[in-house]
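1. one predicted model, sequence on top.
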Amino acid sequence: MVSNRLLQDCLEDFHSIMRLNMALYDRNCTCVAGEEEKVPELDIFHTFCNSAADMQALGTRYLFKVGAQEPTYILSVSGDSKDIYPMGQLAVKQLERILEMGYSREDRNQFIHNLLLDNLLPVDIVSYAKQMHIGPEFRWAVLLVEGTGCEAFDIQNILKNALSGRTSDFIAPMEENCVVVVRRLEEQEGEKEMEELAHELTDAVSVETRCRIRTSCGTIALSLKEVSRSYKEAKMALEVAAIFYKEKNVITYEELGIGRLIYQLPIPLCEMFLKEVFGDYNPSSLDEEILTTVYQFMENDLNLSETSRQLFVHRNTLVYRLEKLQKTIGLDIRKFEDAMIFKIAMMVSDYMKYLRERQL
């Protein structure tokens, strides 16, 4: 943030160069920098603040609004020079640049960090966005880049280099091995482009760190107020993918499918469902060969001939394995309904296993 001391130094420099008296007021008519003999009348000051005009002449004094859209400060300029108006405009432009530069990258990242964590009220979001000159018309995408065996600091530096040409993007660590990228979208960019970007970032970080990198994407936020929602979606996508889609390095929230549904089920309901399907049998004790056969059978749309060909086994061997599973748990995977019940039950079982391991 810009300190009042810096603003005071600026106005003193303006005075020494332009030979004009200047004072900077906030919207409450409190002088924050500079000085002048006569303070503007409150009625005139407030009327000007609430008007659409950028400047108001009061005899030998000029009032200028400082700040894009809604003004942050009011600059009062007075003196005998005939160039008082253009000089006042020049001072306003310089002050606006100083104010914009005063919001450092750390300030912006802190703002985005609080925005993601829902630590800001809607009115504060609008206020901070205006102060930092972040337009309300932009769309935003949130990506989470997580590494296994590497630290967030390393991931962040690699991402900054990969996105060095994008000064409007925000890159900040969220956890010890996870970094968030909040990207301001161009008009032509959409979900497809963000998924492509996720693949590019995943490849870039994995090549540099030689670690397993996973990247998730939330749905596009149509305003800053929706960025927090998109972040939660990206975070959920990482967690759901860790349970159900372990082979994927890039996952979007909209691709989670039934995994997202299971992830949001209450634990008692999951336990009840597993009890109904497996009874007292522990699904984690199923033979790996049987599971491989069943999953391949499902991927081939319950086609016996194609599955036996891909697994390099005789058709009768495949049937024997499926019948063995039927005797164990009572489900005939050759029937579509039983196959779906088994698939969902195994996903629920994986979810419960994940919860138990996380509690250890």
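-> Noted; the coordinates are in hand.

2. are we agreed that residue 216 is in a strand?
-> Yes. Counting by DSSP: H, G, I helix; E, B strand; the rest coil, residue 216 is found in a strand.

3. would you map the strands across the stretch 101-250 of the chain?
-> 139-148, 170-175, 178-185, 212-217, 250-252 (DSSP state E, counting those that start in this stretch).

4. next, format those as a markdown table and append mean neighbour count.
-> The C-beta positions use only the backbone N, C-alpha and C, and glycine is treated the same way. Shown next, in a markdown table, are the strands of the stretch 101-250 of the chain (neighbours: other CB atoms under 10 Å):
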| stretch | mean neighbour count |
| --- | --- |
| strand 139-148 | 23 |
| strand 170-175 | 18 |
| strand 178-185 | 22 |
| strand 212-217 | 24 |
| strand 250-252 | 22 |
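
5. select, out of those strands, the one closest to residue 126.
-> strand 139-148 (14.9 Å; CB to CB).

6. check which helices and strands that closest one sits against.
-> Judged by 3 or more CB pairs under 8 Å, 6 or more residues apart in numbering; DSSP states H and E, strand 139-148 is in contact with helix 152-162, strand 178-185, helix 191-209, strand 212-217, helix 227-244.

7. what average pLDDT does it get?
-> Averaged across strand 139-148, pLDDT comes to 94.

8. got the angle between it and helix 152-162?
-> Put simply, strand 139-148 runs at 130 degrees to helix 152-162, going by axes from the mean of the first three to the mean of the last three CA atoms, to 10 degrees.

9. which among the helices and strands packed on strand 139-148 is found nearest to residue 335?
-> helix 227-244 (23.2 Å).

10. dump the closest one to PDB, keeping only the CA atoms.
-> Output in PDB follows, covering the C-alpha atoms of helix 227-244 (Å, rounded to 0.1, in the frame of the first residue of the first chain):
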ATOM      1  CA  VAL A 227     -13.200 -17.100  -7.600                       C
ATOM      2  CA  SER A 228     -13.500 -18.700  -4.200                       C
ATOM      3  CA  ARG A 229     -16.100 -21.200  -5.500                       C
ATOM      4  CA  SER A 230     -13.800 -22.100  -8.400                       C
ATOM      5  CA  TYR A 231     -10.900 -22.600  -6.000                       C
ATOM      6  CA  LYS A 232     -13.000 -25.000  -3.900                       C
ATOM      7  CA  GLU A 233     -14.000 -26.900  -7.000                       C
ATOM      8  CA  ALA A 234     -10.300 -27.300  -8.100                       C
ATOM      9  CA  LYS A 235      -9.400 -28.400  -4.600                       C
ATOM     10  CA  MET A 236     -12.200 -31.000  -4.600                       C
ATOM     11  CA  ALA A 237     -11.100 -32.200  -8.000                       C
ATOM     12  CA  LEU A 238      -7.600 -32.900  -6.700                       C
ATOM     13  CA  GLU A 239      -9.000 -34.900  -3.700                       C
ATOM     14  CA  VAL A 240     -11.500 -36.800  -5.800                       C
ATOM     15  CA  ALA A 241      -8.900 -37.700  -8.400                       C
ATOM     16  CA  ALA A 242      -6.500 -38.900  -5.700                       C
ATOM     17  CA  ILE A 243      -9.200 -41.500  -4.700                       C
ATOM     18  CA  PHE A 244     -10.800 -42.500  -8.000                       C
END
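
11. center of this structure - which residue?
-> The structure's the chain has its C-alpha centroid closest to residue 142; by CA atoms, centre = their mean the separation is 3.0 Å.

12. how about the nearest residue to that one, chain neighbours excluded?
-> residue 230 (4.1 Å; CB to CB, 6 or more residues apart in numbering).

13. what does residue 259 give?
-> Residue nearest to residue 259 in three dimensions, not counting chain neighbours: residue 244, with 3.9 Å by CB to CB, 6+ apart.

14. beta partners of residue 62?
-> Per DSSP bridges, residues listed as beta-bridge partners of residue 62: residue 57, residue 77.

15. neighbours around it, how many?
-> Here the number of neighbours of residue 62 (other CB atoms under 10 Å) works out to 20.

16. that one against residue 78, yeah?
-> Yes. Using CB atoms under 8 Å, residue 62 is in contact with residue 78, at 7.4 Å.
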